[in-house]
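Trainee: no sequence for this one, just the structure:
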C-alpha cells in the first residue's frame, strides 16, 4: 500500500458492510478486495475531526475527470463544503448516512445505487451513522480534484 491514512482503521467494518446484501451489487465486493492496495489520502491533515475520520483514494484522473472512492468513519460529521467541480456520489455501502446539500436545504438518506449530484460551488455535507460510509465519486467540469473550501450551513451541519 502506498499510503495509510488514519481512516484506514475502518477497513474491517467497511469490508463487512461490503459483504452485506444491501451493499451495491457491482461495486462493493470489488472495492473491498482492492481497498488495502489503494493509495489512501487524509484530505485534511490539520482538521480536528476529518484528519483521522475521512480519506479518499483516486481510481482514475485526467484533466477533465477524477473518479475515486472515499471512506468516512462511523459517527462523523463532514462539514459543509464546496468546490469548483461538479460531483456525483454513489453510495456503495448501506451506512445510514445523511447527505445534505444547499439546493434541497435538508438532510436526506440514500441507499447503495442512488446517485447524489452536487453542482459546482454548491455547499454539501455528510453525516455518518453508527456505521462508516464508502462512496464512489466522480468530479468533472472545472478543476476536478481541486481545492475544497468549508462554508456555513444551517444546523446541524456546522
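Mentor: It's in. Not measured: the values here are computed from a predicted model.

Trainee: So which elements touch the lengthiest helix in the chain?
Mentor: In the chain, with assignment by DSSP state H, the single longest helix is helix 11-19. In terms of contacts (3 or more Cβ pairs under 8 Å, 6 or more residues apart in numbering; DSSP states H and E), helix 11-19 is packed against helix 28-34, strand 133-140. (Each C-beta comes from the backbone N, C-alpha and C, glycine too.)

Trainee: Stretch 66-75: which residues count as buried?
Mentor: 66-74 (16 or more other Cβ atoms under 10 Å).

Trainee: nope, stretch 53-61 is what I meant
Mentor: 53-57.

Trainee: pLDDT below threshold where in this protein?
Mentor: Residue ranges of the chain with pLDDT under 70: 1-3, 154-158.

Trainee: how much space between the most centrally placed residue in the chain and residue 97?
Mentor: Residue closest to the mean C-alpha point of the chain, counted by Cα atoms, centre = their mean, is residue 70 at 4.0 Å. Using Cβ to Cβ, to the nearest Å, residue 70 is found at 11 Å from residue 97.

Trainee: what residues are up against the residue lying closest to residue 50 once chain neighbours are set aside?
Mentor: Closest residue to residue 50 in three dimensions, ignoring its sequence neighbours and counting by Cβ to Cβ, 6 or more residues apart in numbering: residue 44, at 4.2 Å. By Cβ atoms under 8 Å, 6 or more residues apart in numbering, the contact set of residue 44 is 50-51, 54.

Trainee: what do you get for residue 14?
Mentor: 32, 35, 71, 93, 132, 134.

Trainee: Give me the distance between the two termini of stretch 34-42.
Mentor: 18 Å (Cα to Cα, to the nearest Å).

Trainee: For the strand or helix carrying the residue nearest to the centre of the chain, enumerate its sheet partners and note whether each is parallel or antiparallel.
Mentor: Assigned by DSSP states H and E, residue 70 falls within strand 65-72. Under the criterion DSSP bridges, strand 65-72 sits next to strand 54-61 (antiparallel), strand 133-140 (antiparallel) in its sheet.

Trainee: tilt between it and helix 11-19?
Mentor: Calculated by axes from the mean of the first three to the mean of the last three Cα atoms, to 10 degrees, strand 65-72 forms an angle of 110 degrees with helix 11-19.

Trainee: which helices and strands sit right next to the helix or strand just after strand 65-72?
Mentor: Using DSSP H and E, the next helix or strand after strand 65-72 towards the C-terminus is strand 77-83. Judged by 3+ Cβ pairs under 8 Å, 6+ apart, strand 77-83 is in contact with strand 124-127, strand 148-150.
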